[in-house]
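*Asks:* got a predicted structure here, sequence first:
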Amino acid sequence: MPKPGMRWRHVTLGTHNSWLPGDPRGFRSNQHKIHSSGDYKHPPPPGEHAGLFAYAKSISGPAIIIPQDCRAMVGKKILKKLHECKYETLAFAVGGMHTHIQVELPDSLPLIRAIIGNCKRAASHAIRAAIPGQVWGRDGNYKPIDDVEHQQKVYQYIRAQENAWIWCFEDGLPKDW
């Protein structure tokens with residue numbers, strides 16, 4: 001049960017250029033003016049919006065991939081920032097192009113965006129030597145978790161991420177952050 005004025009969230013952050021318009025995994029443009037017939041769970045037919053994807057890649061540059069040896073630092077910096085601000089975190093996974101966090105945040109989207117923006121900034125600064133410039137994609141996804149079953153599924157999903165730095169509350173706070 002969340003504290004008053006708070007809500008559990010499954011926060012998903014992508015790196016810069018990790019999901020472009022026309023992506024073969026499915027996509028939706030700003031305000032859904034253009035979207036594919038599928039999504040990442042049920043991809044659209046091969047080649048759908050291939051021209052748009054090729055164009056987006058040509059003007060956007062390569063996707064940013066967080067190197068394996070930087071993932072722990074990214075996770076620890078974000079976790080530390082959330083802890084300093086007294087936001088309870090249950091699980092964390094930092095992969096090459098996506099980060100997943102299960103965290104209790106205020107039930108206000110503008111406030112969530114500010115909090116997560118500060119976390120992304122701290123993580124970017126920590127790995128600036130390895131990745132100069134922009135690390136994170138715009139905004140993020142902040143899905144509400146409304147019941148215990150959903151909370152448990154998110155927790156297990158985050159812990160099962162492959163090739164990621166994984167942390168969960170059972171591990172205790174990192175001593176080397």
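*Replies:* In hand now; what should we look at?
*Asks:* pull out the buried positions in the helix or strand that contains Lys77.
*Replies:* Assessed by DSSP states H and E, Lys77 sits inside helix 68-84. Residues of helix 68-84 classed as buried by neighbour count (16 or more other C-beta atoms under 10 Å): 70-82. In short, each C-beta sits where N, CA and C put it, glycine included.
*Asks:* contacting residues around that helix?
*Replies:* Applying C-beta atoms under 8 Å, 6 or more residues apart in numbering, the external contacts of helix 68-84 come out as 66, 89, 92-96, 99, 101, 103, 115, 118-120, 122-123, 125-127, 130-131, 163-165, 167, 173-174, 176-177.
*Asks:* and what about the residue positioned nearest the centre of the chain, helix, strand or coil?
*Replies:* Per C-alpha atoms, centre = their mean, the C-alpha nearest to the average position across the chain is that of Leu13, at 1.8 Å. Leu13 falls in the strand class when you classify it by DSSP: H, G, I helix; E, B strand; the rest coil.
*Asks:* also Pro62?
*Replies:* coil.
*Asks:* let's see the helix or strand of the chain with the lowest mean pLDDT as PDB, backbone CA atoms only.
*Replies:* Lowest by mean pLDDT, DSSP states H and E among the helices and strands of the chain is helix 50-60, with a mean of 73. Extracted C-alpha coordinates of helix 50-60, given in PDB (Å, rounded to 0.1, in the frame of the first residue of the first chain):
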ATOM      1  CA  ALA A  50      10.700   0.900 -43.000                       C
ATOM      2  CA  GLY A  51      11.200   4.200 -44.900                       C
ATOM      3  CA  LEU A  52      10.300   6.200 -41.900                       C
ATOM      4  CA  PHE A  53      12.700   4.200 -39.700                       C
ATOM      5  CA  ALA A  54      15.600   4.600 -42.200                       C
ATOM      6  CA  TYR A  55      15.000   8.300 -42.400                       C
ATOM      7  CA  ALA A  56      14.800   8.600 -38.600                       C
ATOM      8  CA  LYS A  57      18.100   6.700 -38.200                       C
ATOM      9  CA  SER A  58      19.800   8.800 -40.900                       C
ATOM     10  CA  ILE A  59      19.000  12.100 -39.100                       C
ATOM     11  CA  SER A  60      19.200  10.900 -35.500                       C
END
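*Asks:* all strands of this protein, in order?
*Replies:* 6-14, 89-94, 98-106, 141-144, 165-168 (DSSP state E).
*Asks:* now tabulate these in CSV and tack on distance to Lys41.
*Replies:* Putting the strands of the chain into CSV (distance: least, C-beta to C-beta, whole Å) gives the following:
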stretch, distance to Lys41
strand 6-14, 14
strand 89-94, 18
strand 98-106, 15
strand 141-144, 14
strand 165-168, 22
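*Asks:* mean pLDDT added to these, as TSV?
*Replies:* Formatted as TSV, these follow (pLDDT from 0 to 100):
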stretch	mean pLDDT
strand 6-14	97
strand 89-94	97
strand 98-106	98
strand 141-144	96
strand 165-168	97
